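Peer 1: Quick one: sequence plus predicted model below, questions after.
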Amino acid sequence: MKAAILIETNKPLCIKDITSSALQKGQVLVKLAYSGVCHSQLMEVRGKRGEDKWLPHLLGHEGTGIVHEIGEGVTKVKVGDRVILGWIKGEGINAVPAKYNFNGTIINSGNVTTFNEYSVVSENRLVKLPEGIPMDVGVLFGCAIPTGAGIIMNQISPKENSTIAIFGLGGIGLSALMATKLYNCRNIIAIDIEDKKLKLAEEFGATHTVNSLKQDPKEVIMKVTDNLGVDYSVECSGIAKVIEVAFSCVKNNGGLCIFASHPQNGDKISLDPYDLICGKQIQGSWGGASCPDRDILKIAQLYLDGKLPLEKLLDKQYTLEEINEALDDLEKRNVLRPLIVIDKSL
């Protein structure tokens, strides 16, 4: 089976034919249909997560496919099931990560990988694809949607007439923005450096948009909120300085900033302790505090009801052999969420 292998950081992934071993307890062999490409994977390839002790290894943590074989103890899925692959732990066995072989060299992997034709996945990283959800759209349920929408639905749950700012309009930021429309927010402010993303944000319900290359986001936010600041800010850019700005824009006495981004290894954020004393709050998010087995069904129904136009996030397709082009396009901000087509016949 073909797979994209990270052999050396900051180098292109190599497409090789590899083999897998017999399934162990809790493992599931999945034939991939589609994979998404997350900014976190780009950071890993570019060596911005620090020393990589697992080279060579596979990548990818959001995809869809069909169950080909199940290992001992697996009860959550059966052969033939259409499934979503994701990195957030759900119900089921947390199996040992799979190891593959390439000409006698061991290729490491995590509990889930999706840049490969077949993947050995831990049972608890799989959820059955809800009825009516297309296989391509389903990849978004592996990372972008549970993280972005999860922040809004599970961690914030905006109060009526509240104000919220979304910093960074990639897959996670736009997913968060879409989810705010499920609540009666007074102002939804979208911030990015690209006009095309800001235009899409308007389609998704943003009441105000800010190109931070042309305007100071904090000045705009303070003007919109009569110098109070927003009730909530969600930071999705992956840049430490933007986290600081997002935190500074929330109001005193209960304003909450949540950041989903993971800046590159070594970057730090600097906060004024007085802001904390004044009641501003900040916290990180681990996958939107999502429970995949619960939240995927809930979000899928919102999509089927026409409330979440998720297909608009998938704006360009690539083959597995074009994975490096997809990574380059993501890095250059030429694409929202690359879709890797592995076997669209599934």
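Peer 2: Done, it's in. Numbering: from 1, shown residues only.

Peer 1: Residue 6 - how many residues pack around it?
Peer 2: 24 (other C-beta atoms under 10 Å). In short, each C-beta sits where N, CA and C put it, glycine included.

Peer 1: how long is stretch 157-170 from one end to the other?
Peer 2: From its first residue to its last, stretch 157-170 covers 21 Å (C-alpha to C-alpha, to the nearest Å).

Peer 1: where in the stretch 151-300 of the chain is pLDDT low?
Peer 2: Counting by pLDDT under 70, the stretch 151-300 of the chain has no low-confidence residues at all.

Peer 1: make it 80
Peer 2: 261 (pLDDT under 80).

Peer 1: quick one, strands of it?
Peer 2: In the stretch 151-300 of the chain, the strands defined using DSSP state E, counting those that start in this stretch lie at 163-167, 187-192, 208-211, 232-235, 256-259, 281-284.

Peer 1: Closest to the centroid, which residue in this structure?
Peer 2: Centroid-nearest residue in the chain, with C-alpha atoms, centre = their mean: residue 144, separated by 3.1 Å.

Peer 1: from what I can see it touches residue 39, true?
Peer 2: No: Residue 144 is beyond contact range of residue 39, at 9.7 Å (criterion: C-beta atoms under 8 Å).

Peer 1: Report the set of residues contacting both of the two.
Peer 2: Taking C-beta atoms under 8 Å, 6 or more residues apart in numbering as the criterion, residue 144 and residue 39 both touch residue 171.

Peer 1: which non-adjacent residue is nearest the residue nearest to the centre of the chain?
Peer 2: residue 171 (3.6 Å; C-beta to C-beta, 6 or more residues apart in numbering).

Peer 1: what sits against that neighbour?
Peer 2: 36, 38, 39, 140, 143, 144, 148, 313, 336, 337.

Peer 1: Next up, the contacts around the residue nearest to the centre of the chain.
Peer 2: 36, 38, 62, 171, 172, 175, 313, 337.

Peer 1: Please report how far the third one lies from residue 98.
Peer 2: Relative to residue 98, residue 62 is positioned 17 Å away (criterion: C-beta to C-beta, to the nearest Å).

Peer 1: Of these two, give the one with the bigger neighbour count.
Peer 2: residue 62 (30 against 23).

Peer 1: what are the phi and psi angles of that one?
Peer 2: Backbone dihedrals for residue 62, given as degrees, to the nearest 10, come out at phi -150, psi 120.

Peer 1: check contacts around it.
Peer 2: Residue 62 is in contact with 35-36, 38, 85-87, 114, 139-144, counting by C-beta under 8 Å, 6+ apart.

Peer 1: Flag every buried residue along the longest helix belonging to the chain.
Peer 2: Secondary structure of the chain per DSSP state H: the longest helix is helix 292-304. If you call a residue buried by 16 or more other C-beta atoms under 10 Å, then helix 292-304 has these buried ones: 292, 295, 296, 299, 300, 302, 303.

Peer 1: what about the helices in the stretch 1-150 of the chain?
Peer 2: 39-45, 135-138, 144-150 (DSSP state H, counting those that start in this stretch).

Peer 1: any chance of those in CSV, plus mean pLDDT?
Peer 2: Listed next are those as CSV, based on pLDDT from 0 to 100:
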stretch, mean pLDDT
helix 39-45, 94
helix 135-138, 97
helix 144-150, 95
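
Peer 1: Put the alpha carbons of stretch 281-294 into CSV.
Peer 2: What follows is stretch 281-294, C-alpha atoms only, in CSV (Å, rounded to 0.1, in the frame of the first residue of the first chain):
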residue,chain,number,x,y,z
GLN,A,281,-9.8,34.7,31.5
ILE,A,282,-7.7,32.6,29.1
GLN,A,283,-7.6,28.9,28.5
GLY,A,284,-6.5,26.5,25.8
SER,A,285,-8.6,23.9,24.0
TRP,A,286,-7.9,20.2,23.5
GLY,A,287,-10.0,19.4,20.5
GLY,A,288,-12.9,21.6,21.5
ALA,A,289,-13.5,19.5,24.6
SER,A,290,-15.3,17.2,22.2
CYS,A,291,-16.5,13.7,22.7
PRO,A,292,-16.5,12.3,19.1
ASP,A,293,-19.2,9.6,19.7
ARG,A,294,-21.5,12.3,21.1
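
Peer 1: Let me see the residues that make contact with that stretch.
Peer 2: 84, 86-91, 127, 141, 143, 146-151, 153-155, 247, 250, 254-260, 271, 276, 295.

Peer 1: Please spell out which residues along it are buried.
Peer 2: 282, 285, 287, 288, 289, 290, 291, 292.

Peer 1: got it, and stretch 3-12?
Peer 2: Within stretch 3-12, judged by 16+ other C-beta under 10 Å, the buried ones are 3, 4, 5, 6.

Peer 1: For stretch 325-332, what is the distance to the chain centroid?
Peer 2: Stretch 325-332 sits 16 Å away from the centroid of its parent chain (C-alpha atoms, centre = their mean, to the nearest Å).

Peer 1: I would like the C-alpha coordinates for that stretch, written out in PDB, please.
Peer 2: These are the backbone C-alpha positions of stretch 325-332, laid out as PDB (Å, rounded to 0.1, in the frame of the first residue of the first chain):
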ATOM      1  CA  GLU A 325       1.800  20.400  -3.100                       C
ATOM      2  CA  ALA A 326      -1.100  20.300  -0.700                       C
ATOM      3  CA  LEU A 327       1.200  21.100   2.200                       C
ATOM      4  CA  ASP A 328       2.800  23.900   0.300                       C
ATOM      5  CA  ASP A 329      -0.500  25.400  -0.700                       C
ATOM      6  CA  LEU A 330      -1.700  25.300   2.900                       C
ATOM      7  CA  GLU A 331       1.500  27.000   4.100                       C
ATOM      8  CA  LYS A 332       1.100  29.700   1.400                       C
END
